[in-house]
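Visitor: after the sequence you'll find the predicted model.
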Amino acid sequence: MEDPAGSSREEITAESKKKARELERLKRINGKLIDTTFEDITVMRNKRLDFQRDGFVVRILGSKSQFDARTGKLREILPPVTNDCCQTFATLSAVILSSLGLAVTLHECCTTSAVNYLLYISAWLHQLTSTAWPNKGIRPTLHDLNECLRLKEFFPSRVCESEFQVVFYNQSGEIVELLRRMCIQRRKRARSESEELSPICGYIIVSGDYTISIFSVSHDIVPEKRSRYSEAWSFYICDSHGTQPWSDKKASVCGSTFGVPSPTHANKKDSGDAVVGIEEGIHLFSVILFTLLEEHKKSLGTSRIPYMTWTPVRRKRGVVLTCAEVVDIIQRAWLPCVLREGNVAKEVRRFDFTPLPCFFSPALVRKT
């Protein structure tokens, strides 16, 4: 004979679980990463829009965004799908730029030309590989990009699409922990073999039709020299939409530097020599990132729970490339290999496409 009390307890438990699931669903639907808007964190400085913390954001701007790049003379060198290439731009920017490994080598590529080239080659590769995607040109997955662009074969940084993580907009705390993992400590023992060999240096962040990427590079600090930091990192956001107010509606790679203050600079507060600690730096960077993601969440439909996928970018530990070496890989190895693949080669012939020399830096192009 059934126990009425036991049956009642099961019904209460089932009802409790149902209410808990509904509560979690509502939290995910209504959740926000942050309540601020760009208006709240933007000031006018030297007649330009800037982040409220003076000197925290360094901007590397292109000449156009993906939306207006085909206006004027640029129309002649860009393909029809330029306005839809944000996922390819974000992926290529994170892989190529993080492959440099150190802030000092990345600094060689901190030019308008570099951002313009990333937008140019991203738009073309987006166009030329579209027929090879399983969904026939609608939009590539990160697996599609890895396969079609052969990204795991030529660069020290790799997109690990199988390690993606679903993140909801009520999980800001989880995202902060993901950001902390990008502070690669070269002298600290890694938590696992994969972290030891290829630690996480960035993420490709996909939310609906919008994709950006973030990545970090460490600073090579010589202990004997008087530096502001004893250990430091620069975090960057790669965005072809031009949404951040200080990007002037242009494709951009915007970065911030923070770290462990050196003993001689730990207490200095003057703006010209100020330091930003790790926790403060991650907080300020997350404010910018969360505001950017919330801005684009407005375009998502309300019929489904909004979410993002965060896919890690891992870089081989101890590998550092110069800008000239990256240009050489692009021009002599990677691009020729991608462009002669079957379906891509057909599209290359159809569009009569001949890639321009890699113009990361005019001086470097002349040398190669």
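Guide: Nice, I can see it. Numbers count the residues shown, from 1 in each chain.

Visitor: so where's the stretch 251-368 of the chain uncertain?
Guide: Regions of the stretch 251-368 of the chain meeting the criterion pLDDT under 70 cover residues 266-273, 301-303, 361-368.

Visitor: rerun at 90
Guide: 262-274, 297-305, 316-320, 341-343, 359-368 (pLDDT under 90).

Visitor: ranges for the strands of it?
Guide: Listed in chain order, the strands of the stretch 251-368 of the chain (DSSP state E, counting those that start in this stretch) span 252-261, 307-315.

Visitor: of these, which is nearest residue 177?
Guide: Nearest to residue 177, of all these, is strand 307-315, at 11.0 Å by CB to CB. For the C-beta atoms, the positions are set from N, CA and C on the backbone; glycine is no exception.

Visitor: strands paired with that closest one, and their directions?
Guide: As defined by DSSP bridges, the strand partners of strand 307-315 come to strand 157-159 (antiparallel), strand 165-168 (antiparallel), strand 200-207 (antiparallel).

Visitor: CA atoms of the longest one as PDB?
Guide: Listed next in PDB are the C-alpha coordinates belonging to strand 200-207 (Å, rounded to 0.1, in the frame of the first residue of the first chain):
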ATOM      1  CA  ILE A 200      44.100  31.100 -22.000                       C
ATOM      2  CA  CYS A 201      44.900  34.500 -23.400                       C
ATOM      3  CA  GLY A 202      41.500  35.600 -24.700                       C
ATOM      4  CA  TYR A 203      38.000  34.800 -25.700                       C
ATOM      5  CA  ILE A 204      35.700  35.000 -28.700                       C
ATOM      6  CA  ILE A 205      32.400  36.300 -27.400                       C
ATOM      7  CA  VAL A 206      29.300  35.600 -29.500                       C
ATOM      8  CA  SER A 207      25.900  37.100 -28.600                       C
END
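
Visitor: looking at the strands paired with strand 307-315, which is closest to residue 113?
Guide: For the strands paired with strand 307-315, proximity to residue 113 was assessed by CB to CB; strand 157-159 is nearest, at 20.9 Å.

Visitor: in stretch 158-176, what's buried?
Guide: Counting neighbours by 16 or more other CB atoms under 10 Å, one finds that the buried residues in stretch 158-176 are 158-161, 164, 167-172, 175-176.

Visitor: same question for stretch 329-338.
Guide: When burial is assessed from 16+ other CB under 10 Å, stretch 329-338 yields the following buried residues: 329-330, 334-335, 338.

Visitor: stretch 235-250 too?
Guide: Buried residues in stretch 235-250, counting neighbours by 16+ other CB under 10 Å, are found at 235-247, 250.

Visitor: go through these and flag which are in helices.
Guide: Of those, none are assigned to helices by DSSP state H.

Visitor: the spatially most central residue of the chain pairs with what?
Guide: To find the centre residue of the chain, average its C-alpha atoms and take the closest one (CA atoms, centre = their mean): that gives residue 213, at 1.3 Å. Assessed by DSSP bridges, residue 213 has beta-bridge partners residue 204, residue 238.

Visitor: which residues touch it?
Guide: Contacts for residue 213 (CB atoms under 8 Å, 6 or more residues apart in numbering) come out as 90-91, 93-94, 202-205, 237-238, 313.

Visitor: residue ranges in the stretch 51-200 of the chain under the pLDDT threshold?
Guide: For the stretch 51-200 of the chain, residues meeting the criterion pLDDT under 90 lie at 71-76, 81, 104-105, 107-110, 130-141, 184-198.

Visitor: if you set the cut-off to 50 instead, what comes out?
Guide: In the predicted model, the stretch 51-200 of the chain carries pLDDT under 50 at residues 189-190.

Visitor: wait, is residue 123 part of a strand?
Guide: No: according to DSSP: H, G, I helix; E, B strand; the rest coil, the state of residue 123 is helix, so it is not within a strand.

Visitor: surely it touches residue 82?
Guide: Yes: counting by CB atoms under 8 Å, residue 123 does reach residue 82; the two are 4.1 Å apart.

Visitor: which neighbours do the two have in common?
Guide: By the contact definition CB under 8 Å, 6+ apart, residue 123 and residue 82 are jointly contacted by 66, 69.

Visitor: if we can go back for a sec, for the buried residues of stretch 329-338, give me JSON lines that also has distance to residue 289.
Guide: JSON lines is the format used below for these (distance: CB to CB, whole Å):
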{"residue": "329", "distance to residue 289": "29"}
{"residue": "330", "distance to residue 289": "28"}
{"residue": "334", "distance to residue 289": "29"}
{"residue": "335", "distance to residue 289": "31"}
{"residue": "338", "distance to residue 289": "30"}
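
Visitor: inside helices: which ones of those?
Guide: Of the positions in the buried residues of stretch 329-338, 329, 335, 338 sit in helices, assigned by DSSP H.

Visitor: nearest to residue 138, of the residues you listed?
Guide: Taking CB to CB as the measure, residue 138 lies nearest residue 338 of those, at 20.6 Å.

Visitor: how about the closest one, what does it touch?
Guide: With the criterion set at CB under 8 Å, 6+ apart, residue 338 makes contact with 125, 129, 148-150, 344.

Visitor: what's the answer for residue 235, then?
Guide: With contacts defined as CB under 8 Å, 6+ apart, the neighbours of residue 235 are 179, 182, 214-216, 255-256, 258, 281, 285.

Visitor: pick the one among those residues closest to residue 309.
Guide: For residue 309, the nearest member of these is residue 214. The distance, counting by CB to CB, is 13.5 Å.
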